[in-house]
Each structure stands twice: as structure tokens, then as C-alpha cells.
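1. quick one, fold the following:
(4 chains)
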Amino acid sequence: MNAALFFNLLLNGVIEGLIIGLAALALNLVFAVARFPNTATGDIMTVGAYAGIAVQGLGISSTVLQMLAAVVVCMALCVVLYRLVFRRLQGRSMLAVLLASIGLAFIIRAAVFLIAGPEQRVFQIPLQRAIDIGGVALQPSMLWLAVTAFGCMAVVFAVLFLTPIGRRMRAVADNRALARTSGIDVDRVMVALWLLTGAVCGVAGMVLGINTVVMPENGWNILLPAFAAAVLGGVGSPVGAIVAGLALGIVQELSTPFVGFTYKIALSFVALIVILAIRPRGLFGAAVKVR
Amino acid sequence: MLSYLVAIAIIGGIYSLLTLGLNLHYGFTGLINFGHVGFFALGAYASALLTLAGLPFAAGFAAAMLIAALVALPLGLLAIRLRDDYLAIVTLGFSEIIRIVITSEEWLTGGVQGLPGIPRPFGGLGVGGAEYAYLGLVVALNGLAFLLVHRLAASPFGRLIKAVRDNEVALVSLGKDPVGVKIRVFMIGAGLAGLAGALYAHYITYLSPEQVIPLVTFYVWMAMIIGGTGRNAGVVLGAGILVLILEGSRFVRDLFPGVLDTEMASIRLAIIGLCLVLFVLFRPRGLIGDGVER
Amino acid sequence: MSANTIDRRRLLGAAGTGALLWAVGGAGPARAGEPFRIGALNPITGAGSLYGAGMQKAIIFSAEEVNAAGGAGGRMLEVFPEDSQTQPDAGVLAAKRLIEVKKVHAIMGTWSSGVALAVMPIQEAAGVIHMTSAGASIISTQDKKDLVYRFSTTGQRSGRAIASILAKDGVQRVATMAFNNASGRDITDGVKGAWTEMGRKLVAEVVYEPNRPSYRSELQRILAGKPEAIVLGAYVPDTTIIVREAWQLNAKVKFIGPGYAVSPKLVESLGPEVAQGLMAVDYVSALNGAAYTHFAERYRKVVGGDPADGFFAACAYDMVQVTALAIEAAGGSADNAAIAAKLREVANPPGTPVSSFAEGKALLKAGQKVNYEGASGPLDFDEHGDVRPLFKLSVIRKGQLEFRQMLDLK
Amino acid sequence: MTLLAIEQMVAGYGEIDIVTGIDIAVHEKEIVTVAGTNGAGKSTLAKAIMGLVPRCRGVLRFCGEDLLAMRPEDRIKVGVAYVPQVENVFPSLTIVENLQVVVGVQNHAARIAEMLDLFPALAARRRVRAEALSGGERQQLAFARALMTQPKMMLLDEPTAALSPNLVAQVFDTIRKLPAIGVAALVIEQRARQSLEISDRGYVLDSGKAVMSGAARDLLADARMADLYLGGA
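-> Below you'll find the model as predicted:
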């Protein structure tokens, strides 16, 4: 592998990794506090992307406003899902909530299909050429992607670790019963959690939509690698989610000269299985008890 | 009409076998397996490839069960060390790995072009006869699996299984080995899924990676949730309802011609999703399950 | 044909309101024989859903036209629509239902190879005619009873057409990128085969897994071979991403792909600047033929949208027309095998070229031989029941898909 | 003044009643021990008071207010604080965060400073995550966390379980000092003798019912009590 190829693959891995990492970030929050793998995450992202498309359809070309719409819609959707379904499942097994989230994922996707149709949409964003530095293609849009992903991570980190509501979220994540007897209104914490999750889903959906095309199955397709990143990153660690996403993306792309392009997508699962075989709690996983 | 019903019954029987296997995993040991389609795929391709190579059907079926069970061994060893939620994701990833291997190893599996012309048994019985005979085979194998699971549950081994499910700690203190028990059950359940795969392969006669996607796993989970975990009769009932939902859309189309058309896939997906959500919310025991939930 | 405008309008209205089961004759005599029942087994949902509805509607309006012309051999056509879900197992159940419950004589419009191959054992056993647009080569050889007819062509042949265009344009360095499924691989395999026969080598080839957030690594691998042209075996979404990323990477390279990927939708997604110069090779649709003109007009009315997207619908339309001609030629009491045996006679030369059943019926009644020239192509079946396809090359200029040339590939 | 008034309380999970009709009262600045063997329903009693048991009926009042009508998170607002038997701190939160996270405190910063004064061992490790603390430190943190709201009564579920003997003495010492700062304590304990020694009154639970009750002195002196519940210790 020559240096240019190596750096190109590295950069490609970073791009994929940041996109996966954003989705993993949304998964991770719910994973940590509500304690289940939220299968509907991908489809909530899809809804966000379509919200952005709808705003674009109104003639508003500002990506910021589109993303704002995506964020707001996803936040609302998440709170609705919580109120209608997830809150009623409090105290039930992880599996029950997981299955319900699969059901919700199906319902959301079906609704997107019915409303938006199967045809692809795209965000009309002026494209920029890559800058060539010694054979390495630097994509200006990558900068925005990185700023968005790390910005998102920073916001989530700040909310979790620097605000009272974030502290309460972590307390609920640690021990729901103790949190309640410490006077924490778990319901309000959960609403806050779902709002935060929705915001991340909105951003992640837009980022995915901008980089690819917007289709009803978009979010679902990214769910499995995002799961892998969320588990590897360790529950409750926003930094871990992004870092694990990046790590998986980079490992995946750098592996292509050796394993080819079809096996690379199996790599995140292989990595997941190997790492969990060695460290059943995940790469950065804290000592979260087996429930 | 009858032959169409026979076809539906065969597909339903295949799902029922898959669900029996999953029920053995979850209902009896609490191991959360979201990679069921992986075992199904292994069985389907194993039997298809062996019979295409000229081996008898019996050998294909046996190999299907064996390979699925053997692959379940390392996965099970990993599984028992993991938290439930991690396990769900790891098994899902496992089934994707299987699918990607099938996609990539063209020399063996035909890759994306698929495997056409998989032999069908009972060719000597004529068209109709072969169908009935196949249904008979599916029903008989379901019956055997049913009996097997039943006997397992009633045997000392089965009581051990129940003990594992209900109180692992107590079991360890008794000096029994819950790990070994769980692994064995995991392998048996996987073997049943492999058998279902073989039945599918020889009935549809064409296999491609597109047929072994995670959606199949979710379907099976839905069947189990609707029917009810832990009870075999519930499992069979759930599989029946699943096929009814999947196939029922054809009749809906007849009733409301033209209205639904392309929306039908979405509506089917929504119905399955709704069933999952509603059953989890309001009927966690399923229709006739024993209601054990951890 | 021109005499039927009133009937046609009435029929269109009926189709528009969603009358899927159509068995009423227009102006013809009362039913002379048993209706000829057609199972329209199309990919309404699943991977083929972009085409399925158009195909099904084309089968229905094609049958309406036949009935409006008085039916074939005294038999009216009845259409029973079904959804294959683009899934083999669903396809099998649907075929069972069509054959056993609806007692159809023919299954038309299977689209994916998986469904076609899974349906074949059942359909062959029941002695039912099967008309497909699936691409897998093996379909030809699996058909032991000569009941299966293919109206599109294999992806391999499309690939060969692409190769011949590139060779004619003097392109030396060719690379391929294929979506990892049967259709994608078929196209690039065809290119590779043709290129190898010319004694050349591809400069790079990549097979990629779909639904990725980016194909940049794949693209860079291809570009490392410094190709002049990249052949895509792809669909619209991945083509969108690949072409966009190639533009961003400043790649000076021609893209050429199948018409279902390099489509108006793609141009809309990419914008005129990025889409400029993309080439589409498509099995057509005999664009200049009377059948196509007529089909296109009805397609716009009944289905809506551009019939350029509707090659498979054109195939589906032809399936009914040519079958009706074969029934007419075989006579009202002919069984399925006898009807199938007449297909080549009414579709292949020699004979007076006709562009519709109505036109052909009159000639057949007069004892003449006919040669149906369909909307999807000249429709001449070879010994396998496959057609020899026509290809067209289009190029995107200023945001428009411009027709450049027809290719008659031997 | 009576703080906690429990009359004929029945509580349990699913179909099974664990607590089958209990009467307990705790008065201001009083230490009350609830003793009983394993499975007598002691922990369920504590959880029922805090609202963590799915089914609970009877009378359950605190300072005259009906606890049964309140959500668990609201019960601490009337002045009851709870230290569960296990998992009584938030492991991934630091010591300070464990104290900050408590809701219903007037001046967090000042109160935290008071708590760190009260438990100097914690002050030295204020930025350390609770999961890294020793068993004794955890117990102190749990007490501090419970005291944050300046409760009128602490509900302590087996506060000395799984602690080494010298730590046990420390814990009881801490409990003994509670009335001095205006806090009553309801101590659920298996180490009945030690607990009763610092208590004003006591109850003995068996099969979900209070089988004996009275002044701590009297209970300690009771021969039947000594036989059945106090053991040799």
C-alpha cells in the first residue's frame, strides 16, 4: 500500500466512520439510559432526512434551516414514541422493549414509504471538488462533516456531563430506583433523553442524507454498523460512540486492499465479535452490570 | 385451491420449525438470538449444495442440521458471556456475516446469481403427489421437532433447562453446569433452524443471498411473540398467523382492487410492526404462551 | 387502430378507476370460447417495485386492447394481478394461487431471476406459458418444455452492447463497477466477456456492496487504473453517489450504465453539470415503431410518467399482444402448448410486420403470416425463447437524456 | 410528633403478599429498629415505604401526608430519605455528582460543603467516581446523599450488610448521632442487638407481620427475643 492510497483510504474511513459514529451516538444515549438497543434509530434518522427534504421543497435552501427542521421533527417523533410506547414498557425486560422498537422501526419505515414513495430524493447542495495533495484527495465537505459530528458529540457530552439534567440522566442510567428515591422525576429525565436522542437522530439523518441520497430504507441500512460502533464504544460514552465509529470506518476502509470490497462490511461485525470475545463489556465499556 | 393451501401450509410449516428452534433458544434458556436466519441459511445452502452434488436428500437434511448446530457452538460460547442487549446485536451481526460469506464465495454458493435447480424430493409421485408428500414431510418433521422439544422439556435435562431459566445462581450452587446446558440447547435450536432451511431450499428450489436477510429473523420473532413464548403450540399458532399476514395481502388486493397496489409492502410491514408493538404492550404472553419474561 | 379511439377512451377510464379484472369485450362479438386467463405476476413490491406497477398496468391495458378488438381466436383475455414481492417464496405462493385457484393459462411479467426461476418448476409442471423479463442466462436452459419466453435480455448482452459502443468510440482503457447483485454483475460480466474476446483487458474492476454511505474507496481503486470509461452495473441511488463522488474527486472519466440507472431521475438528482456526458445503454423500446408510439401514449395516460422509464412495461405490453396473436393463429380451441408453439410464427419473420394485435388479427383472418414488431423491440424469439434485443445509446447533455444511436447487436 | 405512620399495610410483588399487615410508627428524632430474619419482609417494607413495590395498600402516612398517593420521586419531598441495602450510590457519578443529583435541596453548594464536613473521608475524594470507593466510603456517601435534603427521617435498609466489623461500629455510631441533627431513623437490620442498642424502640418482623414491638431496652431484655432474633452476638 503506498502512502497516497493509505491516506485516501484513511480519509474515506473517517468519512464513513463519522456518519456511522453519529448514528451510534444516538443509539448510545438510549442504550445507556433507557437500556435497550433502539432499532428504530435508523428509521427516525430517515424521518429527519425527509423533514429536511420537505423544507427544501418549500424553497428553503439553507442547510442549517433544513437541519433544524430535521432536529425538531426527530425530537418530536422521539417524544411521541416514548410517550406512546417506551414509557409503558418501563420495568419490562430489555427484550420486550427491543421487540417494540423493531415494530416501531417497521411502522415508521412503512409510513415514510406511504407518504414519500420509494423514489430517491437528494439535497441540492453545491458540490465542491476535492483538493489534491500528493495524490491524496481532501474533500472540503469533510471538514463540515467532522465539525458536525464532533460538534454533536461535544453537545451531547456537555449535556450529559455539565448540566443538571445530564447528571440526572446518568443517575437514571446507573440506577433507576435510586434515582427516583433521590427525588429525580424519571419521566422528565426520559423526555429530556428522548429529546436529545431526537436531536442527534435529526443531525445524523441529515448528514447521511446529504452524503448519500434520501430513501425510505436509508437509516435502516446504517443501523447494523451503528450498533457495532455503539457496543464497541461502550454504553454511556458519547466520545466512545464517535471514536468507535471512526475506528470501525477506518479499519473497514484500510482493510479493502486485503479483504476486498464485499467483505469489508462484514468486518465491523467480525471486529465486534472478536472484541466482545476478549472483552465482553466492549472496548471502552464501563463496568455496567449484567442485568 | 387445495394445492395453493398446501403451498401455504408448507411455508407455514417451515416458519413453524424456525419458530420452534427460536423458542427453544429464548423460551427455554433466555438466550436472545437475533441471528436465526443465519442458521436457516447455513442449513439451506448445505442441503442444497450436497444434493446438487448428487447426495441423497437424507444426507442433505442431516448435514443441514449438523452444520447449523456446529456453527452455533462457538457462537453460543460467546453468547453466554454477553449481556442480553450485546447478544442481540452480536447474533444479528453473525447472520449478516453468514449472508456476506454466501454472497462472496461464488465458487461455492453461486454468489448473487444464486443457486437454481435445487432438487425436489418425491419427483416420482407426480406433480400433485409430490406436493402432498412434501407437506407430509414438513408436518412430520414439525411433529418430530415438537416431540423432541416436548421430551426435552420433560426430561431431567429439560428440568435442568427450566432451572437455568428460572434461577441460574441456584443451579450453580447445586454443582450443575448451566453453561453446558445452554450451549446444548442453543445448538439444538440452531439445528432445527438448519432443518427448516433445508426444507425451504428443496421446496423453493432456488436460493440467493437476498432470501436470508435479517427480516426473516424478525418475522420468526414476531411469530413467537404472537403465539407466546415457552409453549410449542403457541409457536405453531404464531407461525400460522405470520403466514396469514404475509399471504393475506393477496386477498386484501382481491377485496380492494387497485387501491393498495404498491402500498401493499408498506402496509404489510406496518401490520407486522403493529403486531409486534401491540403484543409486547398488551399481550406479552402471546396468545397462548406461558408468559415467562425476563 | 384509428377507428378505436372512442372505445379506447372508455377503456382508459375504466383502467384509471382501477378495474383490475378485465374480461369484457369492447365492440367484438360475444365470447366464443373459454377466456384465456393471464396471471400478471409482477414485482409490485420489493426491489422491483419501481417497475412492477407499470408492468401490471401495461398487461391490463394491453389485454383491454385485445378484448376491444374482439378477443383472440374468439377468446377474451382475463387478467389476474398478483404481487411477487420480488421474493422467490412469495412468487411461488402467488404462482400457486394463480395456477391452482385462478386457473390461469399464462403467467406474465416476472421480473427478477429469483422469482422467475422459483416459479418455473411449478409453471412447467402445470403446462402454463411463462413470459418474463428476468435476466439470468440459466432461465433459457432450465426451460425444458419451451413454455418460457423472455422479452428483455440478459444483463450479459447489455454488457456486450456497452462494450461494443466503447470499442466503436475508440475507448482503450475500460473499468467496471458492479452493484453486488445478479443484474449488476451480469452487465459488467458481459463487458468483461466482450472485452476479453477482443483481446483486451479491463484496467480495473470492482464489485461493491450496496447501501453504503460512500463508494469513495471503490472509486479510487477504479481510478487508480486510469480508465477512460467506467461501466456501471448499478441502480439510481448508488449511481448518484458514485458519479457525485467521482465529480468531487475530479475524475476525468466517462460513465456508462444501464438505462434504468442513467435515467431522468439520475439527472434530476445530480443536476445538469455533474450529469453532463453520462451515457445510458438501454434495451429498447423500438422507439420508431408504431407499437411503441401507441404504447407510449397509453402508458402516459394510464400509468403516467415517461415511458422511457418503462421498458419493462413495454415488454409486459408486448407479452399480451403477441400471446393474443398466437392464440388467434392457433385457433380458439388450442391448448397452451399449441399456443406457445405459434409464438415464433407470429413474432418472427417472415410475415407482414404488424404493430398491434388488432392489425395482426385482420391479416391472420385473411390467412396471411404476420411478424409482430413490438413496443419493446422487434421481438424475434430464438430457439430458447429469448429475443434478440435492440439497444439504444443515450447521452446526457444539458440535463437532457439525448438519444444518440440504435444498436442492433448480433 | 409522629413522622411515619403505617397501619395495616400489605405489600408485595405480583400475586404474592410479602408484607401482610404491619403497624409501625416513627416519631421525631427517634431511632427505631425493625429486626427480623431473612425473608421476614424487611426489605419489602422499606421499598413499600418508598413506593418501589408494585402493590401496596393500607395506611402509609408521613407527617400526616398520604405517601401512597405520591410517586416515589415525590416522597422525599415530605422529609423521608432512603438508603437502600445495596446499590445505594450512583457508581458512574463522582462523589460530588452523587450529592448534586439529589432533587429538592435549597442550596446545593452549601449543603454539599456541609456533607463533606460531616464525612471528611469523602471530601478528600470528591472528584472520584463512586464505583472506585471502598465499601465504607460508599456507605458514607449513601448517608450523605440521603441527608442532602435535610430529611426528617432516614430509612436505612440493612446499612451494615456486607461491611467489616469495625465499619459496622462506625455506621451505628453515625446513626446514633442522627437525632442530634434533628433526623429520626428507621433502621432495618439483621444485626438486631447492635441496632437495638442505639435505638429507642424496635419491631420484630416475621412472615410479613410485626410479631413483637416495644422499647428497645425491653426487647433486648426479652428472653424470647434473645432466643429467636438476637442470637449470640
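2. just the helices in the stretch 101-250 of chain B please.
-> Ranges of helices in the stretch 101-250 of chain B, per DSSP state H, counting those that start in this stretch, are B:106-109, B:126-154, B:156-166, B:168-173, B:178-204, B:214-227, B:232-255.
3. reformat these into CSV and put mean neighbour count, mean pLDDT and distance to C:Q276 next to each item.
-> To be clear about C-beta, it is placed using only N, CA and C from the backbone, and glycine gets the same treatment. Formatted as CSV, these follow (neighbours: other CB atoms under 10 Å in any protein chain shown; pLDDT from 0 to 100; distance: least, CB to CB, whole Å):
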stretch, mean neighbour count, mean pLDDT, distance to C:Q276
helix B:106-109, 13, 92, 36
helix B:126-154, 16, 87, 56
helix B:156-166, 16, 69, 65
helix B:168-173, 13, 60, 66
helix B:178-204, 26, 91, 45
helix B:214-227, 25, 92, 39
helix B:232-255, 20, 83, 43
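4. out of the ones you listed, nearest to C:A314?
-> For C:A314, the closest of the helices of the stretch 101-250 of chain B is helix B:232-255, at 24.3 Å, according to CB to CB.
5. which helices and strands does that closest one pack with?
-> helix B:2-29, helix B:126-154, helix B:214-227, helix B:263-282, strand C:77-83, helix C:88-96 (3 or more CB pairs under 8 Å, 6 or more residues apart in numbering or on different chains; DSSP states H and E).
6. and the angle from the second one to helix B:178-204?
-> Taking axes from the mean of the first three to the mean of the last three CA atoms, to 10 degrees, one finds helix B:126-154 and helix B:178-204 inclined to each other by 170 degrees.
7. would you mind listing what in chain C touches chain A?
-> C:49-50, C:180, C:206-209, C:211-214, C:216-218, C:220-221, C:224, C:236-237, C:240-241, C:244, C:247-250, C:265, C:269-271, C:274 (CB under 8 Å from any CB of the partner chain).
8. related to what we said a few turns ago, among the helices and strands packed on helix B:232-255, which is nearest A:L145?
-> With CB to CB as the criterion, A:L145 lies closest to helix B:214-227 of the helices and strands packed on helix B:232-255, at 27.9 Å.
9. what is the burial count for D:N166?
-> 8 (other CB atoms under 10 Å in any protein chain shown).
10. how close does it sit to chain A?
-> Distance, D:N166 to chain A, using CB to the nearest CB, to the nearest Å: 26 Å.
11. helix or strand for that residue, which one?
-> Using DSSP states H and E, D:N166 sits in helix D:165-177.
12. what packs against that helix?
-> Short answer (3+ CB pairs under 8 Å, 6+ apart): helix D:165-177 packs on helix D:135-147, helix D:192-198.
13. which residue lies nearest the spatial centre of the chain?
-> I'll assume chain A. In chain A, the residue lying closest to the centroid (CA atoms, centre = their mean) is A:A23, at 1.1 Å.
14. to clarify, I was referring to chain D.
-> In chain D, the residue lying closest to the centroid (CA atoms, centre = their mean) is D:L156, at 1.5 Å.
15. what's next to the helix or strand that residue falls within, contact-wise?
-> D:L156 is part of strand D:153-157 when elements are defined by DSSP H and E. If you take CB atoms under 8 Å, 6 or more residues apart in numbering or on different chains as the criterion, strand D:153-157 is touched by D:3-4, D:26, D:42-43, D:46-47, D:49-50, D:62, D:79-85, D:143, D:146-147, D:175, D:178, D:183-189.
16. between the helices and strands packed on helix D:165-177, which one is closest to chain B.
-> helix D:135-147 (21.4 Å; CB to the nearest CB).
17. show me which positions of that closest one end up buried.
-> D:G136, D:E137, D:R138, D:Q139, D:Q140, D:L141, D:A142, D:F143, D:A144, D:R145, D:A146, D:L147 (16 or more other CB atoms under 10 Å in any protein chain shown).
18. ditto for stretch A:67-76
-> By neighbour count on 16+ other CB under 10 Å, the buried set for stretch A:67-76 is A:M67, A:L68, A:A69, A:A70, A:V71, A:V73, A:C74, A:M75, A:A76.
19. list the contacts for the closest residue to the last one other than its chain neighbours?
-> Looking back up the chat, that one is A:A76. Of all residues not flanking A:A76 in the chain, A:G198 sits nearest, at 7.1 Å (CB to CB, 6 or more residues apart in numbering or on different chains). A:G198 sits next to A:I44, A:V71, A:C74, A:M75, A:A76, A:L77, A:C78, A:V79 when contact means CB under 8 Å, 6+ apart.
20. would you mind naming what in chain B lies close to chain C?
-> For chain B, the contact set with chain C under CB under 8 Å from any CB comprises B:1-4, B:7-8, B:11, B:100, B:103, B:111-114, B:116-117, B:120, B:127, B:200, B:203-206, B:208, B:210-211, B:246-247, B:249-250, B:253, B:257-259, B:261-262, B:264-266, B:268.
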